[in-house]
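[1] starting from these lines, generate the structure:
(one chain, ligands or ions: 1)
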Amino acid sequence: MSSRAKDAEGRDPGSEETPLDMPWLAEPLRRTLVHQRAHALLIHGPGAVGQFELALALAQGWLCEATAVDLADRPCGRCASCRLFAARSHPDLLVLVPEALRESLGWEQGGDADEASEGGGRKKPSKDIRVEAVRTAIAFATTTSARGRGKFVVIHPAERMNEVAASAFLKTLEEPPGDARFLLCSAAPDRLLPTIRSRCQQLALPIPETAEAQTWLARRGIADPAVVLAGAGGQPQEAAARAGDGIDAASWLALPRRIAEGDARAFQGWPLPLAVDAMQKVCHDALCIASGASPRYFPRDRVAGDASLAALLRWSRELARVAADAEHPWTVDLAVESLVEQGREALKTPRSQQRDAKGLSLNSRR
Ligand SMILES: [Zn+2]
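    The predicted structure is shown next:
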């Protein structure tokens, strides 16, 4: 699978957005810039809806030095501070992201101390935010602001702080250094230490309105934005990233049929987590239809309406098992083939055979 594609202006979708490019962030940005004073803010939302971009815009807005611009209209994008911000060299901003995400987010800065892995050698980039990086951030936060407007640490995704890192960070939250403020981004706040959560002011971002998100996707040249957006559960950044990875509307719409035919090539080149996620969505929608509810990720006519509930539940459990064990050294092709085979059985089992499914019969509804 190709790396994330660039859009018409050469940007990487989902990384270098300013909040003004994401209309659903404009109001939270204005409101938070003016009213928020907490030393720690947790920006969370269901999946990728702009948490990181909002945190960066808030830091830029609070660091902005424009004198003729109201706080609500910052960042100005033109002052010396905003220029330093754009060059990613602002001395009062530190962005902590896992090594594995730095390139795709375009933030090489921050936490260099974690690059040497525990074994001493160079391992593959860490998906965690490690304690060395958190210590660097704490040391950064305790020094005096270089330009006099405070110091900002953005941590994304905050739930990727491993246990040791989270404990170190918690101590800082208990006794926050003078003029430092922490902006934590998360799509899974329940995976943060409860003690960290409780010490942060929380800002919840909702899933953007469908029309707004579709317009945003269409403006980025993504065809059939309604289909792509539904496939990504309404999360526009996720939808853009998938489109960039070549998962277009047509190949998405074909997935239920190809699984029902046992065609594992439908997932050729897909990373395992993405393939499992897509199969979970097919399974979810088939379960919805089998129990009389509306599907969420696919149009109704794309998903078999006569699937076996028992086989779907078996498939669902197996998908959850593989999803939970994503670090397992699966042979990807074999894992996908096995999951597709189970999907084929689930989607193809005629209702007439469901009498065999103990306690799960749908026959009373027929
Ligand atoms: Zn400015």
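[2] who in the stretch 1-150 of the chain is up against the ion?
    Cys64, Ala66, Pro75, Cys76, Cys79, Cys82 (C-beta under 5 Å from the ion). (C-beta placed from N, C-alpha, C; glycine too.)
[3] again, 8 Å this time
    Taking C-beta under 8 Å from the ion as the criterion, the stretch 1-150 of the chain approaches the ion at residues 60, 63-66, 69, 74-82, 85.
[4] pick out the most distant pair among these.
    In those, two members sit farther apart than any others by C-beta to C-beta. They are Val69 and Phe85, at 14.6 Å.
[5] of those two, which one has the most company?
    Phe85 (22 against 16; other C-beta atoms under 10 Å).
[6] for the more buried one, what is the enclosing helix or strand?
    Using DSSP states H and E, Phe85 falls within helix 80-86.
[7] elements contacting the lengthiest helix in the chain?
    When the chain is parsed with DSSP state H, its longest helix is helix 272-290. On a contact count with 3 or more C-beta pairs under 8 Å, 6 or more residues apart in numbering; DSSP states H and E, helix 272-290 meets helix 249-260, helix 309-324, helix 332-348.
[8] export these to TSV and tack on mean pLDDT and mean neighbour count?
    Converted to TSV, the helices and strands packed on helix 272-290 look like this (pLDDT from 0 to 100; neighbours: other C-beta atoms under 10 Å):
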stretch	mean pLDDT	mean neighbour count
helix 249-260	94	19
helix 309-324	93	18
helix 332-348	91	19
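[9] what's the closest of those to Glu108?
    Shortest separation from Glu108 across the helices and strands packed on helix 272-290 is recorded for helix 332-348, at 29.0 Å, computed as C-beta to C-beta.
[10] and the closest one, how far out from the chain's middle?
    Remark: helix 332-348 is offset 26 Å from the chain centroid, using C-alpha atoms, centre = their mean, to the nearest Å.
[11] run through who's touching it.
    256, 259-264, 266-267, 270-272, 275-276, 279, 282-283, 286, 304, 307-308, 311-312, 314-315, 318-319, 322 (C-beta atoms under 8 Å, 6 or more residues apart in numbering).
[12] switch to 6 Å and redo it
    Helix 332-348 is contacted from outside by 259-260, 262, 264, 267, 272, 275, 279, 304, 307-308, 311-312, 315, 318, using C-beta atoms under 6 Å, 6 or more residues apart in numbering.
[13] which pair of the residues you listed spans the longest distance?
    Every pair of the contacts of helix 332-348 checked by C-beta to C-beta; the farthest is Leu272 and Ser308, at 25.1 Å.
[14] looking at those two, which has the bigger crowd around it?
    For Leu272 versus Ser308, neighbours defined as other C-beta under 10 Å are more numerous around Ser308 (26 against 19).
[15] quick one: the more buried one from the ion, how far?
    60 Å (C-beta to the ion, to the nearest Å).
[16] ok, now Arg257?
    Per C-beta to the ion, Arg257 is found 52 Å from the ion.
[17] confidence score at the closest residue to that residue other than its chain neighbours?
    Leaving aside its sequence neighbours, Arg257 sits nearest to Arg302 (C-beta to C-beta, 6 or more residues apart in numbering; 7.2 Å). Reported pLDDT at Arg302 in the predicted model: 92.
[18] would you check that Arg302 makes contact with Pro256?
    Yes. At 5.2 Å, Arg302 and Pro256 qualify as touching, with contact defined as C-beta atoms under 6 Å.
[19] mind checking which helix or strand the residue in the stretch 151-300 of the chain that the ion sits nearest to is in?
    The stretch 151-300 of the chain approaches the ion most closely through Phe152 (13.9 Å), counting by C-beta to the ion. In this assignment (DSSP H and E), Phe152 forms part of strand 151-155.
[20] C-terminal to that strand, what's the next element?
    Later in the chain than strand 151-155, the nearest helix or strand by DSSP H and E is helix 163-174.
[21] list the buried ones in that following helix?
    Ala165, Ala166, Ala168, Phe169, Leu170, Thr172, Leu173 (16 or more other C-beta atoms under 10 Å).
[22] return the residues in contact with the first one.
    Under the criterion of C-beta under 6 Å, 6+ apart, the neighbours of Ala165 are Ile129, Arg130, Val131, Val134.
[23] ok, the third one next?
    Remark: with contacts taken as C-beta under 6 Å, 6+ apart, Ala168 is in contact with Val131, Val134.
[24] where does the prediction get shaky in the stretch 1-150 of the chain?
    Flagging of the stretch 1-150 of the chain using pLDDT under 70 yields the residue ranges 1-20, 109-123.
[25] please enumerate the strands of it.
    40-44, 93-96 (DSSP state E, counting those that start in this stretch).
[26] does anything pack onto the longest one? Which helices or strands?
    Counting contacts by 3 or more C-beta pairs under 6 Å, 6 or more residues apart in numbering; DSSP states H and E, strand 40-44 packs against helix 51-63, strand 180-186, strand 201-204.
[27] give the other helices and strands that the first one contacts.
    Other helices and strands packing on helix 51-63, by 3+ C-beta pairs under 6 Å, 6+ apart, are helix 26-35, strand 40-44, strand 151-155, strand 180-186.
[28] adding mean neighbour count, write those out as CSV.
    Formatted as CSV, the helices and strands packed on helix 51-63 follow (neighbours: other C-beta atoms under 10 Å):
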stretch, mean neighbour count
helix 26-35, 16
strand 40-44, 23
strand 151-155, 26
strand 180-186, 26
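[29] that's all I had, so thanks and see you.
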